[in-house]
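> Need coordinates for the following:
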Amino acid sequence: MSSALTIPQYFPTEFATNWESVVQQKGGKVAQFATPDPSFKGKEKSYNQIDPIDNFQEITTRMGSTQLSEISGDKYWLRTRAYDDAKGFDEWDDDILGDIVLPTSDTMREMSNGWARKCDDVLFSELLGTRYIGETGVTTNALPSGQKVAVNYKRDGTTADSGLTYEKILRALEIFGENDVDFDEEGQPVMFVRMRQITDLYASVTEFRSRDYSRDIEPFSKDKLITEGTMNWNGILFVKSQRVPTSGSDSYQCPMFTKRALKYYLDSPTPMIDVRPDLKHTLQIRMKGRIGAVRTQNELVVEVSCDETPGF
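Now for the predicted structure:
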């Protein structure tokens, strides 16, 4: 005799037929704060720079000979690299999924989001990494140590690893000042930070969380950075991005820079859908594009290292 089943055991289980996105960064963040080159063509392009001219000499004779000298300068190079991603669906997937929609459009959407994040990763890498200079573009040029605020920087001369502190922000601005960077000409400096740097700053800089301590700058608001992604504070535009690069272990390289510091070229990504007869008519969805960027001047970039040691 079969066992008796009660009504609740016949209750059906329903399954969604669509696909939902998971939490992620959607869209790129870095390019809007850099300088595009819409005229870029080909694989690479060089840009010419002229050095400051400081050779004025006192005239001590009448009708004397004019002393001529050459101007000097340099070149920096922007080179692009190609990237792609491809996903496949078996020829039977559409049938076997039944009522569940084959996620072709969802795949395209997620690829577009992934492309935007890849662009951010490349732009960060070129902003802080090695650039190529010189007549033929084979001379390497790393960001000098003088353009970096160490993870253990303290203004009193002692050293201790720390997260983002007001002392580090002041040192970054000091470096710009030592380089004669004119923010009226170059534009407002931008600093990319991760969530940990936001909470570091909010927790450590009591004086700048309230207008009671300052009438000249906007109080720091972690909530505004979290919800809106950007915030003006102390003359700096802070932008939150969890894709700020790491230098290894628990240290992250937060860049502060001006718009002219980074030049780039970004392809509009090309999506393609093909049936692959060589793979038993697998449906292939592929997206490709080219990305290139270069740091234009070392003096327009400061790297601020911040510790994220758990429990720090």
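> Would you tell me which strand is longest in this structure?
The strand spanning the most residues in the chain, taking DSSP state E as the definition, is strand 73-89.
> Keeping just the C-alphas, turn that one into CSV.
The C-alpha coordinates for strand 73-89 follow below in CSV (Å, rounded to 0.1, in the frame of the first residue of the first chain):
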residue,chain,number,x,y,z
GLY,A,73,62.1,68.3,-24.2
ASP,A,74,60.9,64.8,-24.2
LYS,A,75,58.3,62.4,-25.7
TYR,A,76,55.9,60.1,-23.9
TRP,A,77,54.1,57.3,-25.7
LEU,A,78,50.5,56.0,-25.6
ARG,A,79,50.1,52.4,-26.7
THR,A,80,46.9,50.3,-26.9
ARG,A,81,46.4,46.7,-26.2
ALA,A,82,43.4,44.5,-27.2
TYR,A,83,41.2,42.6,-24.8
ASP,A,84,38.2,40.3,-25.3
ASP,A,85,35.9,37.9,-23.4
ALA,A,86,33.7,35.1,-24.9
LYS,A,87,31.0,32.9,-23.5
GLY,A,88,29.4,29.9,-25.2
PHE,A,89,26.0,28.2,-25.1
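> going on from that strand, what's the next piece of helix or strand?
Per DSSP states H and E, strand 73-89 leads on to helix 93-96 as the next helix or strand towards the C-terminus.
> Pull out the CA atoms of that next one and give them to me as PDB.
What follows is helix 93-96, C-alpha atoms only, in PDB (Å, rounded to 0.1, in the frame of the first residue of the first chain):
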ATOM      1  CA  ASP A  93      20.800  24.800 -24.000                       C
ATOM      2  CA  ASP A  94      17.800  26.800 -25.200                       C
ATOM      3  CA  ASP A  95      15.700  23.600 -25.300                       C
ATOM      4  CA  ILE A  96      16.900  22.100 -22.000                       C
END
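> What mean pLDDT does the helix or strand that that helix is followed by get?
Using DSSP H and E, the next helix or strand after helix 93-96 towards the C-terminus is helix 104-128. In this model, helix 104-128 carries a mean pLDDT of 96.
> try stretch 164-182
96.
> Renumber starting at 94 from here on
Okay, using 94 as the starting number, the last item reads as stretch 257-275.
> Could you list the residues in contact with that stretch?
The contact list for stretch 257-275, computed with CB atoms under 8 Å, 6 or more residues apart in numbering, reads 239-240, 242, 246-248, 255, 276, 282, 284, 286, 290, 293-294, 297-298, 301, 327-329, 347, 349, 351, 392-393, 395, 397, 399. Where you see a C-beta, it was placed from the backbone N, CA and C, and this is true even at glycine.
> Next, the buried residues of that stretch.
For stretch 257-275, burial by neighbour count (16 or more other CB atoms under 10 Å) applies to 257-258, 260-262, 264-266, 268-269, 274.
> can you check stretch 210-225 too?
210-213, 215-217, 219-222, 224-225.
> From these, pick the one nearest Tyr169.
Arg224 (6.0 Å; CB to CB).
> Starting from Gln390, give me the distance back to that closest one.
Going from Arg224 to Gln390 by CB to CB, to the nearest Å gives 10 Å.
> on that earlier part again, keep only those of the contacts of stretch 257-275 that are in helices.
In this view, the contacts of stretch 257-275 that belong to helices under DSSP state H are 276, 290, 293-294, 297.
> Could you identify the buried members of the residues you listed?
290, 293-294.
> Turn those residues into JSON lines, including distance to Gly322 and pLDDT.
Shown next, in JSON lines, are these (distance: CB to CB, whole Å; pLDDT from 0 to 100):
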{"residue": "Gln290", "distance to Gly322": "14", "pLDDT": "92"}
{"residue": "Asp293", "distance to Gly322": "18", "pLDDT": "88"}
{"residue": "Leu294", "distance to Gly322": "16", "pLDDT": "85"}
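> Of those, which is the nearest to Ala179?
Nearest to Ala179 among these, with distances taken as CB to CB, is Gln290, at 35.7 Å.
> Now that closest one: closest residue in space that isn't a chain neighbour?
Counting by CB to CB, 6 or more residues apart in numbering, Gln290 lies nearest to Leu257, which is 3.9 Å off, once chain neighbours are set aside.
> Please report the distance of that neighbour from Lys352.
In terms of CB to CB, Leu257 sits 22 Å off from Lys352.
> what do you get for Val397?
For Val397 relative to Lys352 (CB to CB), the value is 18 Å.
> Tell me which of the two has more neighbours.
Taking other CB atoms under 10 Å, Val397 and Lys352 do not tie; Val397 has more neighbours (25 against 16).
> so what's that one up against?
241-242, 257, 261-262, 264-265, 284, 346-349.
> Any stretches of the stretch 94-243 of the chain with poor pLDDT?
94-95 (pLDDT under 70).
> at 90 what do you get?
Along the stretch 94-243 of the chain, segments meeting pLDDT under 90 span 94-110, 112, 135, 160, 189-193.
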